[in-house]
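# Generate a structure from the sequence data that follows.
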Amino acid sequence: MAGENTFTVEVLTPEGEVYSGEVVQLSTRTVTGEIGILARHVPILAALKPHRLRLKLSDSEEKEWAQSHGMLQVFANHAQVLLQEAIEPDNLDVAALEEEKKDAEGRLADESSGEAAREVAERDLERVEAFLEIANA
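Take a look at the predicted model:
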């Protein structure tokens with residue numbers, strides 16, 4: 001499939017490689033908004049927000065994951081997506097996510113927690129809300 005309209009992508013988490021191969025398009029969300037990457041994209045380094053990560057492998061094949069926070073680097077027709085988590089939508093556990101949401105909301109409501117704890121709870125809530133949206137789509 002390698003050709004002038006494709007580029008290589010690596011999707012990595014602390015647990016290891018999630019995907020490595022040629023794609024036609026990568027779509028995700030950065031902290032500044034949605035982004036689509038095609039072959040020969042200009043270099044970019046961007047922070048990623050929890051969202052649906054889509055890799056278009058061909059006109060008829062696409063792979064998707066629920067992505068957590070992370071980073072995207074594009075350089076020399078190669079993209080690296082470094083994520084805390086990447087979960088296939090069918091593997092999302094809605095009941096567990098609902099519990100995580102209640103926990104994060106409880107931590108946010110706790111006025112005795114410090115600023116760092118609140119920031120962690122906000123990130124956790126952002127992640128779980130994005131994952132629930134993907135799971136319920």
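# Let me see the ranges of the helices in this structure.
Ranges of helices in the chain, per DSSP state H, are 94-109, 115-135.
# For His69, which of these is the nearest?
His69 lies closest, by C-beta to C-beta, to one member of these: helix 115-135, at 6.5 Å. Heads up, the C-betas are built off the backbone N, CA and C, glycines and all.
# What is the neighbour count of Arg107?
16 (other C-beta atoms under 10 Å).
# tell me the most buried of the helices of the chain?
Among the helices of the chain, helix 115-135 has the highest mean neighbour count (mean count of other C-beta atoms under 10 Å), at a mean of 16.
# Mind giving me the packing neighbours of it?
On a contact count with 3 or more C-beta pairs under 8 Å, 6 or more residues apart in numbering; DSSP states H and E, helix 115-135 meets strand 62-67, helix 94-109.
# quick one on the thing from earlier: indicate which one of the helices of the chain is closest to Val18.
Where the helices of the chain are weighed against each other on C-beta to C-beta, the nearest is helix 115-135, at 15.4 Å.
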